[in-house]
Every structure is written in C-alpha cells, then in structure tokens.
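*Asks:* Dropping a prediction and its sequence here:
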Amino acid sequence: MGKIVMLIMFLLAAMSVSAREDYYTLVDSAEFYIGGHEWEKAENFIQRALRVEPDNQNTSLLLSNLATVQRYQGRYQEALKNYTVALFMTPNAVTLLKNRASLYLDMDSIDKAYSDYCKVVELDGNDIEALYNSGILALEKKQMEASEASFQRIKDISPNSYFAYNGFAMWNKANGNYAKAIENYSVIIKERPSVNALANRAECYLELKQLNNAEADIKSALGTDPRNGFLYLLRAKLNKLRFESDAARRDAEIAMEYGVEESVVRAFFNKD
C-alpha cells in the first residue's frame, strides 16, 4: 500500500510540474504577439510570465514591455506605473528612461519628459535621440541656452546630422534668426525634403518679406499635401503681405476648413 501511495504522489507531482507554465515559453509568446501588434494577447502572456517567476532577473524588462503594450492600448496611467516600477529596479536603464519620457510626452507632461531625457544624457552623453528631444523640450520651456547646448552637442558628435540641422533650424527660428534658420532648413530640404521643412522655411521667408521665395515653398508643399491647413494659413499671410485681401480671406477660410482653429488664424494675422 505504501508503494502505491508513493507512486500516486510521484505522479501527482509530475503532473503538477508539467502543468506549470514554462516562463520562457510565455516570454517567447509575448514577443511573438508584440511583433504582430496584438497588444492584448501580448499583455496576457507577459502577466502570466510575471506570475510564474516574479523574481526573474528579466522582471524589469518584462515590466517595461508590459508598460509599452499598455501604452499602445491608451492605458497611460497603468503604463506609467509599470515603467516607474521597472526603473526602481534598474534606475540607470537608458531605454526605460526614454520609454517613460516618450509616455510623458503622450500625457503632455513636458517637465517630467524633459527630466527623463536629461537623465539619459547624464548617463550617455552621446545619445543623439535624447539630446535632440531634450533640446526640443528645452526650447518649448524657453530655456534657450540649454536647448542650444543640446543641439551643439549633436553637431559635435555628428556634424552633418539631420537632428543637428533641424534642431538649430527651430532654435534660430524661435530666436528670430530667420536668415540662419533658412540656411538650416535649406540643407534639410536638399537632403531630406518634407512638407514640414518647406512650411517652416516659407514662414521664415515671410518674416523677412521674401515673398517670391515663400510662395515657391508653399506651392511645392501644397503639391505634396493639398489638405494641409497650415499651408493655406501661410498663403493667406503671403496674400495679406501682397495686399490681396480677398485672396487672403479665402485662404484663411480654407485653413479653418482643414482644421486650423479660428483663434490661431486670428493670432497669426495679428502678429505684425
């Protein structure tokens, strides 16, 4: 009888082990679904892996992945909590800091995002992504010296970097250095043309009253994106400067039709 009891206990133990979910299989499944952008399924497998081995050395990474899939589902507060817990475990994890900073931007928490990007730069002074984002956020916060320093560091690391030219283009434009901003945008447009760069250069041309150049950029940008409201706002400003009030009024109406707020249109025209 004793042997039979022992055999039953052995079989039950074996069944228990076989029934226990394998940690690495769960992690692999989660990665598979992350690759397919199936966020709910990925989250399910991550949660199960965390329950199987909560003290695994990869727990911080799993929590980061969990936060990311929650972020993609629009559950920002849950994502923030998990990024923060993961950072408590690995406070100098650069990727985690950048992920949380990006989430803070989604949540319009500019100061907190800036703090995380600055921490990344402290850990890795050659991280161009963090330098660029910290420079942009410093510019938004009107911290001009800090912003300029970030973009200059990028230029020191990579003199022909798009991020250096784009950063300095925005910095110069924000500081009223329109001629210098035009130089920066011209390099960008030559190497990597975009509607955004053309629109920004056109705005600088308008500030300098170089109307023909502004017209050429607006026309080129509209050829690519004919439903861009901001471009019609720029053209309205162009027509106003040419004293073509009816054309300016029509373009302002089109700008609002394509999503530009009326208050923005009014402010744009009242800048002079």
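*Replies:* That came through, no problem. Numbering: from 1, shown residues only.

*Asks:* Only the buried residues of stretch 118-132, if you could.
*Replies:* Cys118, Lys119, Val120, Val121, Asp127, Ile128, Ala130, Leu131, Tyr132 (16 or more other C-beta atoms under 10 Å). Using the backbone N, CA and C atoms, a C-beta is placed for each residue, glycine as well.

*Asks:* Now do the helix or strand hosting Asn239: distance to the chain's middle.
*Replies:* Using DSSP states H and E, Asn239 sits within helix 229-241. Put simply, helix 229-241 sits 28 Å off its chain's centre (C-alpha atoms, centre = their mean, to the nearest Å).

*Asks:* Who are the packing partners of it?
*Replies:* helix 195-207, helix 211-224, helix 245-257, helix 262-269 (3 or more C-beta pairs under 8 Å, 6 or more residues apart in numbering; DSSP states H and E).

*Asks:* low-scoring pLDDT stretches of this protein, where are they?
*Replies:* Scanning the chain for pLDDT under 70 picks out 1-21, 271-272.

*Asks:* Could you chop it up by domain?
*Replies:* Domain ranges of the chain: 18-91, 93-159, per automatic domain parsing.

*Asks:* Deepest in the core, which of the helices and strands packed on helix 229-241 is it.
*Replies:* With neighbours defined as mean count of other C-beta atoms under 10 Å, these peak in mean count at helix 195-207, which reaches a mean of 23.

*Asks:* Could you list every helix and strand in contact with it?
*Replies:* Counting by 3+ C-beta pairs under 8 Å, 6+ apart, helix 195-207 packs on helix 162-174, helix 178-191, helix 211-224, helix 229-241.

*Asks:* Any chance of a markdown table for the ones you listed, columns distance to Tyr23?
*Replies:* Formatted as a markdown table, the helices and strands packed on helix 195-207 follow (distance: least, C-beta to C-beta, whole Å):
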| stretch | distance to Tyr23 |
| --- | --- |
| helix 162-174 | 39 |
| helix 178-191 | 47 |
| helix 211-224 | 50 |
| helix 229-241 | 51 |
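
*Asks:* hang on, the earlier thing: got the angle between the helix holding Asn239 and helix 195-207?
*Replies:* Following axes from the mean of the first three to the mean of the last three C-alpha atoms, to 10 degrees, one obtains 20 degrees for the angle between helix 229-241 and helix 195-207.

*Asks:* Secondary structure element for Gln77, which one?
*Replies:* Assigned by DSSP H and E, Gln77 falls in helix 76-89.

*Asks:* For Arg201, which non-adjacent residue is spatially closest?
*Replies:* With sequence-adjacent residues excluded and distances taken as C-beta to C-beta, 6 or more residues apart in numbering, Arg201 is closest to Tyr185, at 3.9 Å.

*Asks:* How many residues are close by Ala181?
*Replies:* 25 (other C-beta atoms under 10 Å).

*Asks:* Now do the contacts for it.
*Replies:* Contacts for Ala181 were tallied using C-beta atoms under 8 Å, 6 or more residues apart in numbering; they are Phe168, Ala169, Met170, Asn172, Lys173, Asn200, Arg201, Cys204.

*Asks:* If we use 7 Å, what do you get?
*Replies:* Ala169, Asn172, Lys173, Cys204 (C-beta atoms under 7 Å, 6 or more residues apart in numbering).

*Asks:* circling back to that earlier point, now do the helix or strand that the helix holding Gln77 is followed by and helix 76-89, the angle between them.
*Replies:* Sequence-wise, the next helix or strand downstream of helix 76-89 (DSSP H and E) is helix 94-106. If you take the same axes, to 10 degrees, helix 94-106 sits at 150 degrees to helix 76-89.

*Asks:* ok, and for helix 94-106, which residues are buried?
*Replies:* Buried, per 16+ other C-beta under 10 Å, within helix 94-106: Val94, Leu96, Leu97, Lys98, Asn99, Arg100, Ala101, Ser102, Leu103, Tyr104, Leu105.
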